[in-house]
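Visitor: curious how this folds, go ahead:
(2 chains)
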Amino acid sequence: MTNKEIINLIEDALEIDANTLTEETKLDDIEELDSLGKLTLITLFDDEFDKELKGEHLIEFKTIKDLLDFLA
Amino acid sequence: MPKQLKVFRFVNKQTTSNTYVIEHIESDNVWLIDIGVFNEIINFLSNKKLVQGVFLTHTHYDHILYIKKLVNNFPNLNIYTSNDGIRYLSSPKLNLSEYHNCPISLETKNTFMLKEGSEIQLFNNIYIKTFETPGHNTDCLTYLMGNYLFSGDSYIPNQKVVTKLRGGDKNENRKSLIKIFDIIDSNTIICSGHGSVYKNNKILSDKYFN
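Guide: Sure, this is the predicted structure:
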C-alpha cells in the first residue's frame, strides 16, 4: 500500500475530505483527531495493518509522516 | 404512562454515558438501560429492589462498563441486545474496551437477542419495544416504552451522531435517524446515551422523569 493510499484510508476513517491531508500535516492541526478520532485511528491501525498504535504514540507523533513511518 | 412508573438517569462522570433505571412503585423489580454506572445505582436501589434485566442500546465499552459486576450481583438478570451485540459483548476489541485498558468479555446464557419490533413486558401492561438503529455502530438498538425513547448514541439531541468509530456507517445512520424521527412526537421523552433528557426540545429535570 502506498503512502497516498494510507493517507486516504486515514481521511476516510476520520471523515475528512479526500486529499486534504499530506505527509507534512501536523496531527495537532487535525480537528477531527479528538479523543474519538484517536480511537478511530487506533482501531484502523489494528484492523488494517495489525499494528498496535497506542495513545502514547499519538502524543509523541507530530505529523502524518510519523504515522507512516510507524507503519513502515 | 402511569405515575407509578419512574425513570431515573445516572451519569458516568468520566465517560459521560447515561444509565437509566426504570422502576414501578408497585413492583420489586427494576430494569436498566445500559450499565455505565454501578455503585450509584446499587446505593439507589433499596434492598428490596431486584434488577430484572438490562437493555443495551449498543455494546461500546462506556455503555457496558459494569456489566460483569451487574451479573455478579444479579446472576439471574437477563441481558438484551442485538445479534451483533451478543458477539461484541464477548470481544474486548469489538466493544472497544481493550483500547481503554479495561477489557470486557462476557458470555452468558442469560443474553437474549432482540430484533426490530421485539417487545418485552417490564411490568403489568408496560412493554418496551425494539427498533434497530445502526449507524453509530452495527449493533445499535433504540427502545420505546410508552412515550419514553431510549435512543442510546443513535440519536443525541443537538449532537451529531458519531459514525467514525469501527462499525459506524453514515448512510445507515441517516436511515436510522429517519426511523427515530418518525417515532418522536411532542410527548416523547428522549433519553439518549449521553447528555440531558429532552421533551419537546426542552431539557427535563435531572433527577427523574415522569
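Visitor: report the central residue of chain A.
Guide: Residue closest to the mean C-alpha point of chain A, counted by C-alpha atoms, centre = their mean, is residue A:10 at 5.1 Å.
Visitor: how many neighbours does the closest residue to that one other than its chain neighbours have?
Guide: Among residues not flanking residue A:10 along the chain, residue A:21 sits closest, at 6.5 Å (C-beta to C-beta, 6 or more residues apart in numbering or on different chains). Every C-beta, even on glycine, is put in place using the N, C-alpha and C of the backbone. For residue A:21, the count of nearby residues is 21 (other C-beta atoms under 10 Å in any protein chain shown).
Visitor: shaky segments in chain B?
Guide: Scanning chain B for pLDDT under 70 picks out the ranges B:206-210.
Visitor: switch the cut-off to 80
Guide: B:1-3, B:47-48, B:205-210 (pLDDT under 80).
Visitor: so the closest residue to residue B:200 other than its chain neighbours is in which element?
Guide: Counting by C-beta to C-beta, 6+ apart, residue B:186 is the residue found nearest to residue B:200 once chain neighbours are left out, at 4.9 Å. Counting by DSSP states H and E, no helix or strand carries residue B:186.
Visitor: and the gap between residue B:186 and residue B:102?
Guide: When distance is defined by C-beta to C-beta, to the nearest Å, residue B:186 is 40 Å away from residue B:102.
Visitor: and if you look at residue B:123?
Guide: From residue B:123 to residue B:102 the distance is 33 Å (C-beta to C-beta).
Visitor: so which of those two has more stuff around it?
Guide: For the pair residue B:123 and residue B:102, the greater number of neighbours falls to residue B:123 (19 against 12), based on other C-beta under 10 Å.
Visitor: what's the nearest residue to that one if we skip its chain neighbours?
Guide: According to C-beta to C-beta, 6+ apart, the nearest residue to residue B:123 is residue B:24 (4.4 Å).
Visitor: the one you found: neighbouring residues, count only.
Guide: Residue B:24: 17 surrounding residues under other C-beta under 10 Å.
Visitor: who touches it in this structure?
Guide: Taking C-beta atoms under 8 Å, 6 or more residues apart in numbering or on different chains as the criterion, residue B:24 is in contact with B:2, B:4-6, B:122-123, B:126.
Visitor: strands - which of those land there?
Guide: Among those, DSSP state E puts B:5-6, B:122-123, B:126 in strands.
Visitor: what's the longest helix in chain B?
Guide: Counting by DSSP state H, the longest helix found in chain B is helix B:170-183.
Visitor: mind checking how far it is from the chain centre?
Guide: Distance of helix B:170-183 from its chain centroid, counting by C-alpha atoms, centre = their mean, to the nearest Å, is 18 Å.
Visitor: all strands in chain B, in order from the N-terminus.
Guide: Using DSSP E, strands in chain B cover B:5-11, B:18-24, B:29-33, B:50-55, B:78-81, B:111-113, B:119-123, B:126-132, B:141-145, B:148-152, B:189-192, B:198-199, B:202-203, B:208-209.
Visitor: partner strands of the first one, with direction?
Guide: The sheet places strand B:5-11 alongside strand B:18-24 (antiparallel), strand B:208-209 (antiparallel), with pairing taken from DSSP bridges.
Visitor: still on that earlier bit, quick one: the residue nearest to the centre of chain A and residue A:68 touch, right?
Guide: No. Using C-beta atoms under 8 Å, residue A:10 makes no contact with residue A:68, being 9.4 Å away.
Visitor: what is the end-to-end distance of stretch A:24-34?
Guide: Start-to-end span of stretch A:24-34 (C-alpha to C-alpha, to the nearest Å) is 19 Å.
Visitor: so for it, mean pLDDT?
Guide: Stretch A:24-34 shows a mean pLDDT of 95.
Visitor: quick one, what contacts residue A:63?
Guide: By C-beta under 8 Å, 6+ apart, the contact list for residue A:63 reads A:23-27.
Visitor: out of those residues, who's nearest chain B?
Guide: residue A:27 (15.9 Å; C-beta to the nearest C-beta).
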